[in-house]
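K.L.:
Sequence first, predicted coordinates after that:
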Amino acid sequence: MTVTARRFTTAEDGIPGFIAHPDAPGKHPGIMIIHHANGVTSELKIYAAELARLGYTVIVPSLFDMLGILANNHIGQGIDLQKKFTDPDFLGVISKGWNYLVGRADIDLGRCGLIAYCMGGRLSIPFAADTPAVKAMALYYPSIRDEEVTDMRPRHAFNLAKTLKCATMIMYGGRDYISTPPVQKKVWESFVANGAPLEWHFYSHGNHGFASPDTEGYQPDLARKNWPLVVDFLERHLKAVA
């Protein structure tokens, strides 16, 4: 299947980021990729194009650009930017990205989901709690901490995960320094409590960022082995759903 893959801009498309979609008529399942703290990096564009070849329309909105931090890339800026903007700030622009996706004429509204990384994985949980149209989400090492609720982060994933109805796949490593294994256990318990389909992949040798080349934790062999699991999850919960 041939695909179109291109950068999109606020001026021409309404939001900034990247899109990949099949060059085929009809309606397709839709996926929004919510990026990590390094922004819309090259590997996310590659993942989007690979999914488009499988029949999905995929967008990767640039959250930082949408929040007014304009740059060719945001590598290394994410820690500071997460201190500058609140979760409601981020969720507002994630919603704009989602509205762009589901507003496209080529999207099957009943088959839309998320893939998210690190910061994006954590933010996907409140977003999915607020957005019943999310049918499935695959979360790479969501950066959840065992921390108090604050004005910056007013709703904790431990509580929100218990309310979710969508199918979820979560991938963590035993060497994750943000969501350590004791925190991961609480995440697991919260998702199990919601009764929705849950797939949990734990790699004892895995780092935080194992699928992200612009991080020190990148493990290319693990990223390559894990990718077919994500594709299979999406096939069952989005693409194959009538």
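P.N.:
It's in.

K.L.:
How far off centre is stretch 74-90?
P.N.:
Between the centre of stretch 74-90 and the centre of its chain there are 16 Å (CA atoms, centre = their mean, to the nearest Å).

K.L.:
Need the mean per-residue confidence for it.
P.N.:
When pLDDT is averaged over stretch 74-90, the result is 83.

K.L.:
Need the distance between the two termini of stretch 205-212.
P.N.:
Terminal residues of stretch 205-212 lie 15 Å apart, using CA to CA, to the nearest Å.

K.L.:
in this protein, which segments are predicted with low confidence?
P.N.:
Scanning the chain for pLDDT under 70 picks out 71, 78, 241-242.

K.L.:
now with 80?
P.N.:
Within the chain, the ranges that satisfy pLDDT under 80 run 70-82, 240-242.

K.L.:
could you pull out the strands for it?
P.N.:
With DSSP state E, the ranges of strands along the chain come out as 3-8, 17-22, 28-34, 57-61, 107-117, 136-140, 167-175, 198-207.

K.L.:
So in that sheet, which strands flank the third one, and in what orientation?
P.N.:
For strand 28-34, sheet partners with direction are given as strand 57-61 (parallel), strand 107-117 (parallel), following DSSP bridges.

K.L.:
Need the CA coordinates for it. CSV is fine.
P.N.:
Coordinates of each C-alpha in strand 28-34 appear next as CSV, following Å, rounded to 0.1, in the frame of the first residue of the first chain:
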residue,chain,number,x,y,z
HIS,A,28,-9.6,4.1,7.8
PRO,A,29,-9.0,3.5,11.5
GLY,A,30,-7.3,6.5,13.0
ILE,A,31,-4.4,6.8,15.4
MET,A,32,-3.0,9.8,17.2
ILE,A,33,0.6,9.5,18.4
ILE,A,34,1.2,11.6,21.5
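
K.L.:
What are the contacting residues of that strand?
P.N.:
21-22, 44, 47-48, 51, 55-61, 63, 94, 97-98, 101-102, 104, 106-108, 111-117, 120-121, 123-124, 127, 234, 238-239, 241 (CB atoms under 8 Å, 6 or more residues apart in numbering). C-betas here are computed from N, CA, C, even on glycine.

K.L.:
Is it possible to get JSON lines of the strands paired with strand 28-34 that adds distance to Ala5 and mean neighbour count?
P.N.:
Formatted as JSON lines, these follow (distance: least, CB to CB, whole Å; neighbours: other CB atoms under 10 Å):
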{"stretch": "strand 57-61", "distance to Ala5": "9", "mean neighbour count": "26"}
{"stretch": "strand 107-117", "distance to Ala5": "16", "mean neighbour count": "22"}
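
K.L.:
want to throw those into CSV with distance to Ile178?
P.N.:
Shown next, in CSV, are the strands paired with strand 28-34 (distance: least, CB to CB, whole Å):
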stretch, distance to Ile178
strand 57-61, 22
strand 107-117, 12
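
K.L.:
For Gly14, list the residues it contacts.
P.N.:
Gly14 neighbours (CB under 8 Å, 6+ apart): Tyr100.
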